[in-house]
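Participant: A predicted structure for the sequence below; I have some questions about it.
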Amino acid sequence: MVENTKSISATKFLRRKIGKSNVSERPFVVSESCLAEVTKKVFGMRETHSHLMARPTNIGQVREIVRYANRNAIPIFVRGSGTGYFGGELPTRFGITIEMTALDKIRVFSREIGYVVCDAGIAVNALNQYLRKRGYYWPHNPGSRKWATVGGSLASLGVGTFSTRYGYATDSVLSLKVVTPTGVIFETGSNMPHDMSSLNLIQLICSSEGTLGIIVEAKLKIFPIPEARKASIFYFKHISDAAACASEIFRSGICPESLEIEDLSRFTSEGLAPVMPLKDPRIERLQLDRYQAILFVNNAGSRNQVSSATAQIERISDRNNGKKILDEKITDLYWRSKTEISSWAADKTPKNKVHTFVPAIPLCKAPEFEKRYAKIARKYRRITPAGIGYFLIFRNEECTASARTMLDETDPLSIREYENFVNDLAREVVRMGGTIASTFGLGTILVDVTKKNAESKSWYELSLKLKKTLDPKGIMSPGKKF
Ligand SMILES: Cc1cc2nc3c(=O)[nH]c(=O)nc-3n(C[C@H](O)[C@H](O)[C@H](O)COP(=O)(O)OP(=O)(O)OC[C@H]3O[C@@H](n4cnc5c(N)ncnc54)[C@H](O)[C@@H]3O)c2cc1C
């Protein structure tokens, strides 16, 4: 009853403030492929709650909505384009979801200092198309590039094709404009990340997954498109050789723009199948079924640098029993699937949907992770493992292990099996010295998986105090993160 009354008054308020066409019960921007392919029925994501979707078109409107919600103790949730796998954008109870997709403008482009200021709701691809015309790029390039927003990428510690050299999406943030849960707008950061004049609130806000504030604008470091790029793919009989090869590259002093390991299942289904038929004689000649993994490398810089790094990496691969794919057509098409089209599994049946669990692990543990994943998956008969892709992050010699699984989301037993599978795998990740949640965050699904772990830690209490200070009424994304 109270909810109903709140809903009626909130609807009236929103319609008055942002216009009838920007208030709805459904999201405004939805990736059809995401809906068709990704399951959102596992863990806490399957609970549905009535909620209002508000699509503000400027920062002032975001602030007004938040102030209204704060005054009336109505929960607020933040949504980019909803491509996250972990339900971070889904409401955990009745409330207003602020969809950011209409805040999609580019405000400033500075060639001289090398940055762009944009609204948080702009899609990553749209931003990069704008920059490309000017000879620049923002080096965050996820498989969901067509839809994922800048705000969503920052709030979920996104990684992508160029993360090996440039780190996570958040590493290129110079400053942020944020609306706090009480409706205050503040700006944090400057042109220089090497800045001790204030606390580093950028990482705090980004790692909060929309629980401490709404990112409304970002100043991002951008880079000139390199003079040359050279992509190569090496394939290995054993994933341990691929990991050893990557480690040697890390330690050689070469800094590729991209370095990724994929097991064969992931390579063929997500890297190759969307761009060429697997029955193509050029692929059949490789006899890939005898191999376990590939290492994808992309060097970028001046022509000389690129050719010398490429030759050096070929020698490293030889030493680690790697074979190079010599057919440039295959490498070129694979590069397209990594940079231009959206990464979708081409091997799924209509009944099955995909889910991905993405922990971060030390690079040297990738072979062990691969084994554990296969062993645990064998325990469960209703789910199908669908390959792992490892984005390698140079600075930390770590990788995010994107472990993909298919399941029939109409079958409750399949869902139960998948949840048990993730819990089992999460325990192994901790044992390996990794962390359960990297890209994608905790969302609604990993809160329970990580809760036991977190509550015993001293930082948890401190985080709760911080949350209380910024969000005294607890209206921002309740039930998440904390
Ligand atoms: C096929 C496919 C491929 C993918 N590939 C990758 C990949 O390569 N790399 C990668 O990193 N991810 C990948 N993802 C996951 C997903 O696309 C990313 O997590 C993406 O960054 C989410 O952006 P979004 O705009 O859809 O955010 P949403 O899913 O809407 O939200 C994600 C989280 O961010 C919060 N949030 C959104 N906007 C804001 C804001 N302005 N302020 C504060 N909080 C906010 C939400 O509350 C939520 O917690 C992939 C997903 C799919 C479906």
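Facilitator: Sure thing, it's come through.
Participant: these two touch, right, residue 354 and residue 42?
Facilitator: No: counting by C-beta atoms under 8 Å, residue 354 does not reach residue 42; the two are 11.0 Å apart. All C-beta spots, glycine's among them, are computed from the backbone N, C-alpha and C.
Participant: ok, these two, which is more surrounded?
Facilitator: Between residue 354 and residue 42, counted using other C-beta atoms under 10 Å, the more crowded position is residue 42 (24 against 21).
Participant: what sits against residue 316?
Facilitator: By C-beta atoms under 8 Å, 6 or more residues apart in numbering, the contact set of residue 316 is 245, 248, 249, 252.
Participant: who's in contact with the last one?
Facilitator: With contacts taken as C-beta under 8 Å, 6+ apart, residue 252 has the following neighbours: 312, 316.
Participant: circling back to that earlier point, which one of the contacts of residue 316 is nearest to the ligand?
Facilitator: residue 249 (20.8 Å; C-beta to the nearest ligand atom).
Participant: which SSE is the closest one in?
Facilitator: helix 239-252 (DSSP states H and E).
Participant: Could you spell out the sheet neighbours of the helix or strand just after that helix, each with its direction?
Facilitator: Later in the chain than helix 239-252, the nearest helix or strand by DSSP H and E is strand 258-263. Using DSSP bridges, strand 258-263 pairs in its sheet with strand 293-301 (antiparallel), strand 383-393 (antiparallel).
Participant: Now for the protein, the helix or strand with the poorest mean pLDDT.
Facilitator: Lowest by mean pLDDT, DSSP states H and E among the helices and strands of the chain is helix 446-455, with a mean of 62.
Participant: Does the residue most central in space within the chain belong to a helix, a strand or coil?
Facilitator: Against the mean C-alpha coordinate of the chain, by C-alpha atoms, centre = their mean, the closest residue is residue 158 at 3.7 Å. Here residue 158 is coil, with the state taken from DSSP: H, G, I helix; E, B strand; the rest coil.
Participant: do the one 3 residues further on as well
Facilitator: When the structure is reduced to helix, strand and coil (three-state DSSP), residue 161 reads as coil.
Participant: Can you name the residues that contact it?
Facilitator: By C-beta under 8 Å, 6+ apart, residue 161 lies in contact with 141, 257, 258, 260, 298, 338, 339.
Participant: can you do 6 Å?
Facilitator: Contacts for residue 161 (C-beta atoms under 6 Å, 6 or more residues apart in numbering) come out as 141, 258, 338, 339.
Participant: again with residue 178
Facilitator: Shown in contact with residue 178 (C-beta under 6 Å, 6+ apart): 186, 205, 213, 215.
Participant: Okay, and it sits in which element?
Facilitator: Per DSSP H and E: strand 173-179 holds residue 178.
Participant: just checking, next helix/strand downstream of that strand?
Facilitator: Following strand 173-179 in sequence order, the next helix or strand is strand 185-189 (DSSP H and E).
Participant: angle of the helix holding residue 249 against strand 293-301?
Facilitator: Taking axes from the mean of the first three to the mean of the last three C-alpha atoms, to 10 degrees, one finds helix 239-252 and strand 293-301 inclined to each other by 20 degrees.
Participant: And the pLDDT at residue 267?
Facilitator: Note on residue 267: pLDDT of 95.
Participant: For the remainder of this discussion, apply numbering that starts at 300.
Facilitator: Sounds good: first residue 300 from here, last item residue 566.
Participant: quick one: it and residue 618, what's the gap?
Facilitator: Counting by C-beta to C-beta, to the nearest Å, the gap from residue 566 to residue 618 is 22 Å.
Participant: the more surrounded of these two?
Facilitator: residue 566 (23 against 12).
Participant: Give me the nearest residue to that one, chain neighbours excluded.
Facilitator: With sequence-adjacent residues excluded and distances taken as C-beta to C-beta, 6 or more residues apart in numbering, residue 566 is closest to residue 593, at 4.8 Å.
Participant: That neighbour contacts residue 531, correct?
Facilitator: No: with contact defined as C-beta atoms under 6 Å, residue 593 does not reach residue 531; the gap is 10.2 Å.
Participant: which one of these two has more residues nearby?
Facilitator: More crowded of residue 593 and residue 531, by other C-beta under 10 Å: residue 593, with 27 against 21.
Participant: gap between the more buried one and residue 686?
Facilitator: For residue 593, the distance to residue 686 equals 11 Å [C-beta to C-beta].
Participant: which residues touch residue 510?
Facilitator: Counting by C-beta under 6 Å, 6+ apart, residue 510 makes contact with 775, 776, 779, 780.
Participant: near the ligand, from the residues you listed?
Facilitator: Among the contacts of residue 510, no residue lies close to the ligand (C-beta under 6 Å from any ligand atom).
Participant: Could you dump the residues you listed into a markdown table with neighbour count and pLDDT added?
Facilitator: Below are the contacts of residue 510 laid out as a markdown table (neighbours: other C-beta atoms under 10 Å; pLDDT from 0 to 100):
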| residue | neighbour count | pLDDT |
| --- | --- | --- |
| 775 | 28 | 96 |
| 776 | 29 | 93 |
| 779 | 25 | 84 |
| 780 | 24 | 80 |
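Participant: What about those residues, which are in helices?
Facilitator: Judged by DSSP state H, the subset of the contacts of residue 510 located in helices is empty.
Participant: what's the closest of these to residue 309?
Facilitator: Among these, residue 775 lies closest to residue 309 (C-beta to C-beta), at 15.7 Å.
Participant: ok, the closest one to residue 480 distance?
Facilitator: 4 Å.
Participant: pretty sure residue 616 is in a strand, no?
Facilitator: No: the assignment for residue 616, made by three-state DSSP, is helix rather than a strand.
Participant: residues in contact with it?
Facilitator: Residue 616 makes contact with 533, 544, according to C-beta under 6 Å, 6+ apart.
Participant: And residue 471, what's its pLDDT?
Facilitator: pLDDT, residue 471: 96.
Participant: Burial check on it, number of neighbours?
Facilitator: Quick note: residue 471 (other C-beta under 10 Å) scores 21 neighbours.
Participant: Tell me the spatial nearest neighbour of it, not counting adjacent residues.
Facilitator: Nearest in space to residue 471, with sequence neighbours left out and distances taken as C-beta to C-beta, 6+ apart, is residue 520 at 4.3 Å.
Participant: is the one you found in a bridge, and if so with what?
Facilitator: The partner residues for residue 520, given DSSP bridges, come to residue 414.
Participant: Quick check: it vs the ligand, distance?
Facilitator: Distance of residue 520 to the ligand, computed by C-beta to the nearest ligand atom, to the nearest Å: 18 Å.
Participant: Next: residue 498.
Facilitator: Remark: distance between residue 498 and the ligand (C-beta to the nearest ligand atom) = 19 Å.
Participant: Not counting its neighbours along the chain, what's nearest residue 667?
Facilitator: Leaving aside its chain neighbours, residue 667 sits nearest to residue 731 (6.1 Å; criterion: C-beta to C-beta, 6+ apart).
Participant: Helices of the stretch 350-499 of the chain, residue ranges please.
Facilitator: Under the criterion DSSP state H, counting those that start in this stretch, the stretch 350-499 of the chain contains helices at 358-370, 423-431, 449-454, 462-465.
Participant: would you list these in a markdown table and tack on mean neighbour count and mean pLDDT?
Facilitator: Output for the helices of the stretch 350-499 of the chain, formatted as a markdown table (neighbours: other C-beta under 10 Å; pLDDT from 0 to 100):
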| stretch | mean neighbour count | mean pLDDT |
| --- | --- | --- |
| helix 358-370 | 20 | 98 |
| helix 423-431 | 19 | 98 |
| helix 449-454 | 29 | 97 |
| helix 462-465 | 25 | 96 |
